[in-house]
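K.L.:
Just a sequence and a predicted model for now, questions to come.
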Amino acid sequence: MFGNRVLVIDDEKNMRHMLQIMLKKAGYMAETASDGADGLEKMSKTEFDFILCDLRMPKMDGMAFLRAAHEKYREKTFIMMSAFGNMDDALEAMKIGAYDYISKPFKTDEVLLTLKKAEERERLKAENIKLKQEKSQRYSFENIKARSESMRHVFDLVQKVAGHKTTVLITGESGTGKDLIAREIHSSGVRASAPMVSINCGSIPENLLESELFGYKRGAFTDAVKDKPGRFEEANGGTMFLDEIGELPLPLQVKLLRVLQEEEITPLGGVGSKKIDVRVIAATSKDLHKEIEEGRFREDLFYRINVMTIHLPPLRERTGDIPLLVGYFIDMFNKKLQKDLEALSSEAMPVLTRYPWPGNIRELENVIERAVLLAKGRFITPEDLPAHIRTHVPSQYAFPSGQPPEDSFSIRRASSRLERDLIQKALERTGGNLTQAAKILEISRPTLDAKIKEYEVKKR
């Protein structure tokens with residue numbers, strides 16, 4: 001059921017009682033109020049999805065209630081009731097914001113059918129909002145550009161786990177796209193039409209995190225003036241994404257373990273538990289094995305979330321993906337910044353591929369946005385890139401395999417490569433000015449000319 005909390009407002013006690021029993025039998029959670037003022041009081045303390053309200057009541061009638069309530073709770077669905085069958089009242093109520101109008105006396109099926117229609121409308125609205133949000137996302141799975149073997153392995157794992165409820169742990173450095181992979185696992189599975197709710201465990205203060213995750217009951221603390229569902233309850237039927245789970249405080253790790261084991265939650269200040277059906281995906285940039293050794297992460301929770309692990313490699317280990325990512329980001333920022341760049345220049349691409357990218361894809365995205373903004377021609381040149389990237393000189397002995405090739409032990413060859421890179425960097429920094437380049441290299445201009453010729457360095 002999309003939304004099952006109903007508030008019945010009617011001055012007739014028998015009518016309130018009859019509707020409450022009928023709604024509960026149909027699976028709704030129903031509360032009652034005796035007039036409009038009482039109804040507003042109940043709405044200030046409890047969340048309701050639908051409000052059934054009589055038009056003719058003492059103290060505050062239905063029309064006055066509707067005006068006051070719709071102004072404050074525009075997202076709620078109001079269904080008005082009247083024994084007088086006055087079409088003018090019905091039209092007036094619809095103008096104010098009522099969803100529908102039921103004439104008394106009514107049949108049970110008529111009320112339930114109206115609620116079902118309202119539920120369907122709300123479901124369609126929610127799906128429409130979800131689709132718009134997904135469309136506005138800068139990324140989608142097909143736009144996670146990669147051709148490296150390591151990322152193809154990631155894609156294969158995503159497809160294998162997407163259709164199951166299996167808990168997944170996504171590991172990788174900050175900026176590698178763990179949230180995108182989590183979103184794809186959700187959207188490729190049977191829960192795609194249900195909500196995916198995300199929370200960063202390190203971004204919310206510890207004293208607020210428990211109520212954010214599990215919700216709270218009215219009166220649980222000073223500001224708890226009404227019941228509030230937590231993120232797990234919001235994700236019921238769908239997926240809960242716990243980003244940076246390594247930041248979760250130890251007391252909450254115990255409670256999360258119980259949620260995963262028992263599939264039920266207990267709101268803060270509550271006495272009973274609620275059953276939930278949630279698929280959990282967790283992500284971390286921390287080494288959880290080390291966190292366990294140092295007593296900051298529970299071993300039993302680790303084994304519970306580590307059913308399937310997907311590791312995202314850092315960008316420096318898959319530099320072959322950089323051209324694809326750069327092309328995607330250029331297209332994206334061309335639209336955003338109303339530019340018309342074609343690509344990176346042939347001189348700029350090597351600058352990007354030899355930089356280690358400590359911030360991974362997120363850092364590359366920011367660099368390309370800056371470059372698109374600064375570029376004057378149709379191509380991004382080295383001058384459009386940040387200085388620390390242009391002037392980065394990679395270690396000649398930092399080899400991906402951990403062992404240098406046989407000829408790389410040569411000091412002479414290594415020195416030559418270093419000289420060539422330094423000259424290239426100096427020319428990039430000075431815009432091709434040979435005199436200034438010779439000065440910062442601390443060599444003479446004739447020596448620079450000779451080395452440019454020897455190493456076949458492009459002057460620009």
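P.N.:
Right, received. Where do you want to start? Residues are numbered from 1 along each chain as shown.
K.L.:
all contacts plus neighbour counts: C-alpha atoms, from now on.
P.N.:
Will do.
K.L.:
Quick check: buried residues in whatever helix or strand residue 70 lives in?
P.N.:
Taking DSSP states H and E as the criterion, residue 70 maps to helix 62-72. Buried residues in helix 62-72, counted by 16 or more other Cα atoms under 10 Å: 62, 63, 65, 66, 69, 70.
K.L.:
so how far is it from its chain's centroid?
P.N.:
Its chain's average C-alpha position is 35 Å from that of helix 62-72, according to Cα atoms, centre = their mean, to the nearest Å.
K.L.:
just to revisit the earlier point, could the buried residues of helix 62-72 go into JSON lines alongside distance to residue 350?
P.N.:
Output for the buried residues of helix 62-72, formatted as JSON lines (distance: Cα to Cα, whole Å):
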{"residue": "62", "distance to residue 350": "71"}
{"residue": "63", "distance to residue 350": "70"}
{"residue": "65", "distance to residue 350": "68"}
{"residue": "66", "distance to residue 350": "65"}
{"residue": "69", "distance to residue 350": "62"}
{"residue": "70", "distance to residue 350": "60"}
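K.L.:
Extract the residue ranges of this protein that are flagged as low pLDDT.
P.N.:
1-3, 84-86, 128-145, 393-415, 460 (pLDDT under 70).
K.L.:
What is the three-state secondary structure of the residue nearest in space to the middle of it?
P.N.:
The centroid of the chain falls nearest to residue 198 when counting by Cα atoms, centre = their mean (5.6 Å). For residue 198, the assignment made with DSSP: H, G, I helix; E, B strand; the rest coil gives strand.
K.L.:
Could you tell me how far the closest residue to it other than its chain neighbours is located from residue 228?
P.N.:
The shortest distance from residue 198 to any non-neighbouring residue, by Cα to Cα, 6 or more residues apart in numbering, is to residue 241 (4.6 Å). Using Cα to Cα, to the nearest Å, residue 241 is found at 20 Å from residue 228.
K.L.:
again with residue 307
P.N.:
Applying Cα to Cα to residue 307 and residue 228 gives a distance of 31 Å.
K.L.:
Specify which residue of these two has the higher count of neighbours.
P.N.:
residue 228 (20 against 11; other Cα atoms under 10 Å).
K.L.:
Name whatever forms a beta bridge with that one.
P.N.:
The partner list for residue 228 in beta bridges (DSSP bridges) reads residue 216.
K.L.:
OK, contacts around it?
P.N.:
Residue 228 makes contact with 46, 47, 215, 216, 217, 218, according to Cα atoms under 8 Å, 6 or more residues apart in numbering.
K.L.:
quick one: which of the residues you listed is nearest residue 433?
P.N.:
Comparing the contacts of residue 228 against residue 433 with Cα to Cα places residue 215 closest, at 63.9 Å.
K.L.:
What is the neighbour count of residue 146?
P.N.:
Neighbours around residue 146, by other Cα under 10 Å: 19.
K.L.:
just the strands in the protein please.
P.N.:
Counting by DSSP state E, the chain has strands at residues 5-9, 29-33, 50-54, 77-82, 100-103, 168-171, 196-200, 239-243, 264-265, 274-275, 279-284, 308-311, 343-344, 379-380.
K.L.:
Residues in contact with the last one: which ones?
P.N.:
Residues from elsewhere that reach strand 379-380 (Cα under 8 Å, 6+ apart): 341, 342, 343, 344, 345, 348, 371, 372.
K.L.:
on that earlier part again, just checking, what packs against the helix holding residue 70?
P.N.:
Helices and strands touching helix 62-72, by 3 or more Cα pairs under 8 Å, 6 or more residues apart in numbering; DSSP states H and E, are helix 36-45, helix 87-96.
K.L.:
Name the stretch from these that approaches residue 317 most closely.
P.N.:
Nearest to residue 317, of those and by Cα to Cα, is helix 36-45 at 53.4 Å.
K.L.:
What are the buried residues along that closest one?
P.N.:
So, applying 16+ other Cα under 10 Å, buried residues of helix 36-45: 36, 37, 38, 39, 40, 42, 43, 45.
K.L.:
Sort out which one of these lies nearest residue 208 for me.
P.N.:
Nearest to residue 208 among those: residue 45, at 19.7 Å, using Cα to Cα.
K.L.:
And the residue nearest to the closest one when sequence neighbours are not counted, how far from residue 325?
P.N.:
Spatial nearest neighbour of residue 45, chain neighbours left out: residue 226 (3.8 Å); criterion: Cα to Cα, 6+ apart. For residue 226, the distance to residue 325 (Cα to Cα) stands at 47 Å.
K.L.:
Break the chain into its domains for me.
P.N.:
5-132, 142-313, 316-392, 406-460 (automatic domain parsing).
K.L.:
And the residue nearest to residue 198, how far from residue 427?
P.N.:
48 Å.
K.L.:
And residue 318, by the same measure?
P.N.:
Counting by Cα to Cα - residue 318 and residue 427 are separated by 28 Å.
K.L.:
neighbour count winner among those two?
P.N.:
residue 427 (23 against 16).
K.L.:
Out of the helices and strands packed on helix 62-72, the one nearest residue 299 is which?
P.N.:
Going by Cα to Cα, the one of the helices and strands packed on helix 62-72 nearest residue 299 is helix 36-45, 39.9 Å.
K.L.:
got a list of contacts for the closest one?
P.N.:
7, 9, 32-33, 57, 59-62, 64-65, 69, 218, 225-227.
K.L.:
Just give me the closest of these to residue 18.
P.N.:
The closest of those, once distances to residue 18 are taken by Cα to Cα, is residue 32, at 10.7 Å.
K.L.:
I'd say the closest one and residue 18 touch.
P.N.:
No - with contacts counted by Cα atoms under 8 Å, residue 32 stays clear of residue 18, the gap being 10.7 Å.
K.L.:
When the two are compared, which one has more neighbours?
P.N.:
Between residue 32 and residue 18, residue 32 has the larger neighbour count (other Cα under 10 Å), namely 22 against 11.
K.L.:
ok, the closest residue to the more buried one other than its chain neighbours to residue 108 distance?
P.N.:
For residue 32, ignoring the flanking residues on the chain, the nearest one in space by Cα to Cα, 6+ apart is residue 8 at 4.6 Å. Taking Cα to Cα as the measure, residue 8 falls 14 Å from residue 108.
K.L.:
higher neighbour count, the two?
P.N.:
Between residue 8 and residue 108, counting by other Cα under 10 Å, residue 8 is the more crowded of the two (24 against 12).
K.L.:
beta partners of the more buried one?
P.N.:
Beta-bridge partners of residue 8, as defined by DSSP bridges: residue 32, residue 52.
K.L.:
give the contact list for it.
P.N.:
With contacts defined as Cα under 8 Å, 6+ apart, residue 8 is in contact with 16, 19, 20, 30, 31, 32, 33, 51, 52, 53.
K.L.:
how deep is the residue nearest to the third one when sequence neighbours are not counted tucked in, by neighbour count?
P.N.:
In space, not counting the residues next to it along the chain, residue 20 is nearest to residue 30; the distance is 5.6 Å by Cα to Cα, 6+ apart. Burial of residue 30 is recorded as 20 neighbouring residues (other Cα under 10 Å).
K.L.:
hang on, the earlier thing: will you turn the helices and strands packed on helix 62-72 into JSON lines that also has distance to residue 390?
P.N.:
As requested, the helices and strands packed on helix 62-72 are arranged in JSON lines below (distance: least, Cα to Cα, whole Å):
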{"stretch": "helix 36-45", "distance to residue 390": "58"}
{"stretch": "helix 87-96", "distance to residue 390": "62"}
